[in-house]
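In: Need coordinates for the below:
(4 chains)
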There are 2 protein chains.
Amino acid sequence: MKQKSITIYDIAKEAGVSSATVSRVIARNYPVSAKTRKKVLDLIDKYDYQPNAVARSLTKKETKMIGFVLPDITNPFFSQVFIEAEKYALTKGYTLILCNSMNTSEMESKYLKILSERQVEGIILMGGRINKKLPDAVEVSEVSQVLDKLPVMMINGKIDGLHCHSVRTDEAKGMELAVNHLVRQGHKKIGLIGGVNGITTTDIKVEAYRNLLLKYDLTFRDSWQIYSGFDVQTGEEAIDKLLMLNKDKLPTALIGINDLVIMGALKACRRKRIKPFDFVGFDNTDLAKNSSPEITSVSHPYSQLGEKAIDLLINASKSSNESKDILLDPYLEVRESCSITKL
Amino acid sequence: MKQKSITIYDIAKEAGVSSATVSRVIARNYPVSAKTRKKVLDLIDKYDYQPNAVARSLTKKETKMIGFVLPDITNPFFSQVFIEAEKYALTKGYTLILCNSMNTSEMESKYLKILSERQVEGIILMGGRINKKLPDAVEVSEVSQVLDKLPVMMINGKIDGLHCHSVRTDEAKGMELAVNHLVRQGHKKIGLIGGVNGITTTDIKVEAYRNLLLKYDLTFRDSWQIYSGFDVQTGEEAIDKLLMLNKDKLPTALIGINDLVIMGALKACRRKRIKPFDFVGFDNTDLAKNSSPEITSVSHPYSQLGEKAIDLLINASKSSNESKDILLDPYLEVRESCSITKL
DNA sequence: CTGTTAGCGCCTTCAA
DNA sequence: TTGAAGGCGCTAACAG
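Out: Just a heads-up that it's a prediction; the model follows:
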């Protein structure tokens, strides 16, 4: 705001009409005679007039802004969801406000407050507090308080008892895709690495993994399922642990809680100069495509995830008072990592 | 805005004071008696009152929002800068609005307009139109028009003739770090792959590269400097081309315009089963750390880049009318990719 | 220390 | 088809 910006009144005065008329020309929601319309439009053009969205928001009580809180946008999983949501939101006239909580509960809380004060029309939550098996009471009540004012949308997460929509990838089905694929490749000894016990996205996968091994009557060993974390380093650690625990009774294929963990596993195998396992990752991030070997990965339906999230949020007020939970199908992106042992 | 939210007036009425007093309690910028302060604060607490930032913005003519337009947040280079800027902005009370142009000029234009209407207090530009040797007249005039209303900050880019600040990494110096390092490793035949002729970030690097070879009296061959692009696939293509053009007279080390290109080069070497070169990448993204082998890379000073950008923008109005151009030093993150040939 | 008042820029009845 | 007027929620003089 370097210089006094011109307003609807300036246009009105010079056009010899009222501000209401100018407003109508801009909003195109009421009839205005062709003549005055042209006069007004010409002036708008002449002065390069732009409506003040802040003032409009105050009057209309709608900001056309949506908050998006996630742990860390440098994580490709989150950025892929975010960018799809943003693209779609734009077509609906909404602007997203991205908030990186940096994986801290404090930042999450802070941003919830900021977004609420900024009068966003809804908030999308990913990661963090919505992924805990044992929710923190304070964290839940904060979200609950926000819910009194705005609709909240949770992506790949949920807080029980709170009245809000959610969209999630059916990760149990994703695990099935992974296991099926490996079985079809002839594997009978399949391990699972990464993740943290008590984080729901991990729990869902682990449970599905166990059930599937049972279902397919495959060897199951506790020591083939290694919790470790979500990043590359923990992937390396998982391999170290796997080797330590299993000596000669190793699995032939490994599923990773995400692609990063598989990247770590690849690094560890290389470091230890052991023949790599066949791998299947989760999330189908750019990493999976860009690493060498390329990593076969269970993919989220990213664009659907983003679009559904926005759609449900936008329509949250209109629709009935029930909260919807949408489950979307993942798919498998097959790449070379599943035939490493043959390379 | 599900329910009629309570305002400063509601608080004022129940406290038996005027709205101005409540405002003062909140803003803490004018003396208020301890007694009334407490009364007001208690009510704020009781009703979970939150100030309406939109209304405040309208009155104060400051939104505390900054727009950040970049090509694609899924690119780790951009996301690392963004997240640093966001962290810093938060400490200064500013909220960033991230806008992904998806590498299209149209989206860039659209977002410039949206941000301006939303009354952001400044705009940060990265990539896209600010990186062209031959600027597009329309693109420039759009930015120029924005500049009439707000300060604009360009990161690692510049449009000549426009009055705005810029922050950039000294990439010529970065190239020097890379070449020095390789020379110290004993390399005399150094190639450069990736980038696009006419994109300033590429041009700067290429020019520095050529000058340095000259300076160090190293072999220079046109066919060792391959333009290709900025992603993994173009990195692969660069290797193909390099092999095709050079038969037996190959360089022993390659510098990549960025880390992605090196990832591609690694893939190509693996595919072709040729002994890899020693590599040095640019940008020091997570990829460099996570890939195997890990990639030695010239790093931007990310936090400085983000912080300076925000700082200069915030102080843009206060400071003199000159535009500042800040040049920051890169550093080299040494990893194993520089001893591949010895592995 | 506190209240009154007048906007910020726009939209939306209500009347004409 | 148009204008007048009030108000969105808050802040900043100006009085007191």
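
In: Next up, identify which helix or strand the residue nearest to residue A:214 when sequence neighbours are not counted is on.
Out: Closest residue to residue A:214 in three dimensions, ignoring its sequence neighbours and counting by CB to CB, 6 or more residues apart in numbering or on different chains: residue A:220, at 7.0 Å. To be clear about C-beta, it is placed using only N, CA and C from the backbone, and glycine gets the same treatment. Using DSSP states H and E, residue A:220 falls within no helix or strand.

In: In contact with residue A:220, which residues?
Out: A:210, A:213-214 (CB atoms under 8 Å, 6 or more residues apart in numbering or on different chains).

In: Kindly provide the distance from it to chain B.
Out: Residue A:220 sits 30 Å away from chain B, going by CB to the nearest CB, to the nearest Å.

In: And for residue A:240?
Out: The gap separating residue A:240 from chain B is 15 Å, by CB to the nearest CB.

In: Quick check: that residue is in a helix.
Out: Yes. Judged by DSSP: H, G, I helix; E, B strand; the rest coil, residue A:240 forms part of a helix.

In: Double-check it against residue A:268; I have them as touching.
Out: Yes. At 6.4 Å, residue A:240 counts as touching residue A:268 under the criterion of CB atoms under 8 Å.

In: Comparing these two, which residue is more hemmed in?
Out: Set side by side, residue A:240 and residue A:268 show more neighbours around residue A:268, with 22 against 14, by other CB atoms under 10 Å in any protein chain shown.

In: List the residues that contact that one.
Out: Counting by CB under 8 Å, 6+ apart, residue A:268 touches A:235-236, A:238-240.

In: which element is it on?
Out: Per DSSP H and E: residue A:268 is located in helix A:259-271.

In: Downstream of that helix, the next helix or strand is which one?
Out: strand A:278-282.

In: That next one packs against which elements?
Out: On a contact count with 3 or more CB pairs under 8 Å, 6 or more residues apart in numbering or on different chains; DSSP states H and E, strand A:278-282 meets helix A:171-184, strand A:253-256, helix A:259-271, strand A:297-299.

In: quick one: pLDDT of residue A:31?
Out: pLDDT, residue A:31: 87.

In: my read is it is in a strand, agree?
Out: No. Using three-state DSSP, the assignment for residue A:31 is coil, not a strand.

In: need the contacts of residue A:220 in CSV with pLDDT, can you?
Out: Output for those, formatted as CSV (pLDDT from 0 to 100):
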residue, pLDDT
A:210, 96
A:213, 96
A:214, 94
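
In: which of those count as buried?
Out: For these, a burial check counting by 16 or more other CB atoms under 10 Å in any protein chain shown picks out residue A:213.

In: For the contacts of residue A:220, give me a markdown table that also has secondary structure and distance to residue B:100.
Out: As requested, these are arranged in a markdown table below (DSSP: H, G, I helix; E, B strand; the rest coil; distance: CB to CB, whole Å):
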| residue | secondary structure | distance to residue B:100 |
| --- | --- | --- |
| A:210 | helix | 39 |
| A:213 | helix | 41 |
| A:214 | helix | 44 |
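
In: Residue B:253: which of the contacts of residue A:220 is nearest?
Out: Proximity to residue B:253 was ranked across the contacts of residue A:220 by CB to CB; first place goes to residue A:213, at 47.0 Å.

In: For that closest one, which non-adjacent residue is spatially closest?
Out: Leaving aside its sequence neighbours, residue A:213 sits nearest to residue A:220 (CB to CB, 6+ apart; 4.6 Å).

In: and what of residue A:5?
Out: Excluding the flanking residues, the one nearest residue A:5 by CB to CB, 6+ apart is residue B:149, at 6.7 Å.

In: Next, the residue nearest the centre of chain A: phi, psi?
Out: Closest residue to the average C-alpha location of chain A: residue A:81 at 4.2 Å, with CA atoms, centre = their mean. Dihedral pair for residue A:81: phi -70, psi -40, per degrees, to the nearest 10.

In: ok, it - contacts?
Out: For residue A:81, the contact set (CB under 8 Å, 6+ apart) comprises A:70, A:126, A:155, A:300, A:302, A:305-306, A:309.

In: Which of those residues sits closest to residue A:191?
Out: Minimum distance to residue A:191 across the contacts of residue A:81 is 22.4 Å, recorded for residue A:300 (CB to CB).
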